[in-house]
Each structure stands twice: as C-alpha cells, then as structure tokens.
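>>> give the three-dimensional model of this entry:
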Amino acid sequence: MEARLVGFDGSRLLGIAGRIVQYVAEVAKPNGKRYEEYVDANLDSLRNELLSPAPIHEDLEEVTLADQLQLALDKLGPDHAFVKAALGGKAPPEAAHAAVTGTKAPGPGGAEALLDGG
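I've put the predicted structure just below:
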C-alpha cells in the first residue's frame, strides 16, 4: 500500500513530472546501465509520450493530487518522509495548488526544455 501512496499514480501531471525526472537521471547513465524503458532504442517513443499535446486540465489535476496527498497523509501520517516532502508544511489542497500552478511542464516548450536541459 505504501508504494501506491508515494508513487506517481492518480495525477497525469505528477506522472509526467516523475518520468521527466527519471528520464534526465537515466539518460545521464551509459545505455547499458539504464532501466529498460530509458534505453536509447526506447527514447523516441518515450519523448513523444512525454511531449504529447494532449491537454492537461489543471482543475482536475489539482483535485486529484489533493486527494492523493490527503490519502497519503491519512494512511502514512504527518511524520512520514514522503508526506513531509510532498506537503512542505501545507494542507493537501494548498500543496496541490502550488504544485500544479508552479510547474513548468507540460506548458509550451516546458517539458521539452526539462528533458533537454535536465
């Protein structure tokens, strides 16, 4: 259960952000040492997926992320490392709002700049 609460499930925006962070970390490694989805042969399709022009509905993302953070808080408690890092001392709705409105991805060129620039 804990893995589900500290992962990227439940929010498309959070999932994209997590995969961008992982992408940047993985492509810095030699190809043979990367996770399979990040090897050179898979990078073009992964980039296409991460750079998809499909709209992200910020209001829905905010509610979904707030619910995910509230569930993590309820199940893991306020002293859990993930909860502390994710909430940053804020209530789940405030933390979700800050995360969604403060992101550079996937706005125009945002995800691509993060993928290319680290």
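>>> where does the protein dip in pLDDT?
Applying pLDDT under 70 to the chain flags residues 1, 3, 7-10, 104-109, 118.
>>> quick one, longest helix in it?
helix 58-76 (DSSP state H).
>>> does Gly77 touch Leu71 like I think?
No: assessed by Cβ atoms under 8 Å, Gly77 is found out of contact with Leu71, at 11.9 Å. Heads up, the C-betas are built off the backbone N, CA and C, glycines and all.
>>> between those two, which is the more surrounded one?
Remark: of Gly77 and Leu71, Leu71 carries more neighbours, 15 against 10, as counted by other Cβ atoms under 10 Å.
>>> just checking, what packs against the longest helix of the chain?
Counting contacts by 3 or more Cβ pairs under 8 Å, 6 or more residues apart in numbering; DSSP states H and E, helix 58-76 is packed against helix 2-5, helix 12-27, helix 81-87, helix 92-101.
>>> now that helix: buried residues?
Of the residues in helix 58-76, Glu61, Glu62, Thr64, Leu65, Ala66, Gln68, Leu69, Gln70, Ala72, Leu73, Leu76 count as buried by neighbour count, 16 or more other Cβ atoms under 10 Å.
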